[in-house]
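*Asks:* build me a structure from this.
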Amino acid sequence: MGDPDRTRTFFDIGTVLLYTVGSSLKTYKSQRRQRRGAMISNAQKLTAPNSLIEGMVEGYRYFFNSNGHQGPLVFFGDALDVFERCLKGSDVPNLKAVLPWANENPERLEKILVALGKLEMVNLGEEFSRELATEQLHKKTRKMSVWFQLTDVCNLRCPYCYIHKKSTHMDLELGKVLIGKLVDDSARAGIEEVIIKLAGGEPTLRWSEGRALIDWAENQFSDSSVRVKFHIITNGTILPESLLDYLAAGKLGISVSLDGVGKWHDRHRFYKNGRGSFLDVEKNLEILLSRGLRPPILTTVTRDNLQGDLDPII
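*Replies:* Presented below is the predicted three-dimensional model:
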């Protein structure tokens, strides 16, 4: 047996190190928030970019910065109120004066302005722009995304879906061959990270094959300089226990489709027999949340669900 005193000393040092690193990270994030808050407060004028294009679709205004890195955007609620004021050339004191909630909740105003700044829809001053450019530069990684269509089979009958529901599946051996080529070709091309997306149809119907591909890929990439990540895109109606284990172990990411709350979701996303799927998706989302997992939500917006309440999703 090892020396218990040495073991205890090592554990104590490790605890202190972890605590110190965690505290330093929290302090850094807090300082960054304070610094950005000061940048926003010091901004003489909050303005939209000169390259802004706007228009109307189905009665809703959209905005597009032709010199930015985002697609067309639609704002709602408080975010729209703030952005409309910025279009007229406002500043923080003016926003607090004309928007009662902004004066009562300055933290929310700051979050909205930072989000608009990151989306390159509002100019928050040269200092903010420099920090944003530096942050974007540090985040740049040479990535490649690959779509593995595990199956064309699906248990839902969403009317807008473009996938023909037929009994075709990806052959497991074909998937392994593709992974082998990814290992060789990505390294040769200088790719740093490969993201393999498991999709369908409904990929959880072929989860056993998906799990086998993840295990195979981890082994194949183990000696490579290229990182591999897996992500599953699901309708959220099926959540095998082993899939939850892979999520908890960090072997897999997940996105869940949700087109609104209650009837708004069920208008599009229903089973073969016409029954809506919202209650099943809601139950599985609660399972994910109970395990500390917060999946990105994918929402298809059409005129049929545009009037629905999106706040619980956002």
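
*Asks:* next secondary structure after the helix or strand bottoming out on mean pLDDT in the chain?
*Replies:* Across the helices and strands of the chain, mean confidence by mean pLDDT, DSSP states H and E is lowest for helix 4-42: a mean of 44. Proceeding N to C from helix 4-42, the next assigned helix or strand is strand 52-57, under DSSP states H and E.

*Asks:* and that next one, what's buried?
*Replies:* Neighbour counts using 16 or more other CB atoms under 10 Å place Leu52 of strand 52-57 among the buried residues. To be clear about C-beta, it is placed using only N, CA and C from the backbone, and glycine gets the same treatment.

*Asks:* and if you look at stretch 261-270?
*Replies:* For stretch 261-270, a neighbour-count test (16+ other CB under 10 Å) marks Val261, Trp264, His265, Asp266, Arg267, His268, Arg269, Phe270 as buried.

*Asks:* any idea how far Asp91 is from Gly68?
*Replies:* Counting by CB to CB, to the nearest Å, the gap from Gly68 to Asp91 is 22 Å.

*Asks:* show residues contacting the helix or strand hosting Glu110.
*Replies:* Using DSSP H and E, the element containing Glu110 is helix 106-118. Applying CB atoms under 8 Å, 6 or more residues apart in numbering, the contact partners of helix 106-118 are 36-37, 40, 46, 78-79, 82-83, 86, 92, 95-96, 99, 101-102, 122-124, 128, 132.

*Asks:* okay, the angle between whichever helix or strand comes after that helix and helix 106-118?
*Replies:* The C-terminal neighbour of helix 106-118 among helices and strands, as given by DSSP H and E, is helix 126-139. Put simply, helix 126-139 runs at 60 degrees to helix 106-118, going by axes from the mean of the first three to the mean of the last three CA atoms, to 10 degrees.

*Asks:* domain assignment for this structure?
*Replies:* For the chain, the structural domains run 41-137, 141-298, going by automatic domain parsing.

*Asks:* so for Gln307, which of those sits nearest?
*Replies:* Gln307 lies closest to domain 141-298 among the domains of the chain, at 7.8 Å (CB to CB).

*Asks:* tell me the SS of Gly148?
*Replies:* Small correction: residue 148 is Phe, not Gly. Following DSSP: H, G, I helix; E, B strand; the rest coil, we place Phe148 in the strand state.

*Asks:* who's in contact with it?
*Replies:* Counted by CB under 8 Å, 6+ apart, Phe148 has contacts Met170, Gly175, Leu178, Ile196, Lys197, Leu198, Ala199, Gly210, Leu213.
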